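S.K.: coords below, sequence missing:
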């Protein structure tokens, strides 16, 4: 899979205030981006989980904490049911 590499410069005081450290900055920024894109209907739940590195349960828990409604379309339900039928 091809990927897009993005670099971001952020003032250290701002990063510290946001709880970002060299050990966790990339993961936290990925989660923030995934939550934002999902909340605004730009990506699906599955893609948001993939981008954030979270399971659907973990992602749902964070959405609930932040009062972000879960978007679950009939098409996503059909896809999940199809996957379950192969288990």
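M.R.: Looks like it arrived, so ask away. What you see is a predicted model; the values in this text were computed from it and never measured. Numbers count the residues shown, from 1 in each chain.
S.K.: which residues in the protein form strands?
M.R.: Shown for the chain, no strands are assigned by DSSP state E.
S.K.: distance from the one helix or strand in the chain whose mean pLDDT sits lowest to the middle of the chain?
M.R.: Using mean pLDDT, DSSP states H and E, the weakest-scoring helix or strand in the chain turns out to be helix 74-85, at a mean of 85. Centroid displacement of helix 74-85 relative to its chain, using C-alpha atoms, centre = their mean, to the nearest Å, is 20 Å.
S.K.: what's in contact with that helix?
M.R.: Residues from elsewhere that reach helix 74-85, judged by C-beta atoms under 8 Å, 6 or more residues apart in numbering: 44-46. The way it works is simple: take the backbone N, C-alpha and C, and place the C-beta from them, glycine included.
S.K.: where does this protein dip in pLDDT?
M.R.: By pLDDT under 70, the chain contains no weakly predicted segment.
S.K.: which elements pack onto the longest helix anywhere in the chain?
M.R.: Counting residues, the longest helix found in the chain (DSSP state H) is helix 25-39. If contacts are counted by 3 or more C-beta pairs under 8 Å, 6 or more residues apart in numbering; DSSP states H and E, helix 25-39 sits against helix 45-52, helix 56-65.
S.K.: hey, which of those is tucked in deepest?
M.R.: helix 45-52 (a mean of 17; mean count of other C-beta atoms under 10 Å).
S.K.: distance to residue 79 for the helices and strands packed on helix 25-39 - can I get that in CSV?
M.R.: Putting the helices and strands packed on helix 25-39 into CSV (distance: least, C-beta to C-beta, whole Å) gives the following:
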stretch, distance to residue 79
helix 45-52, 8
helix 56-65, 12
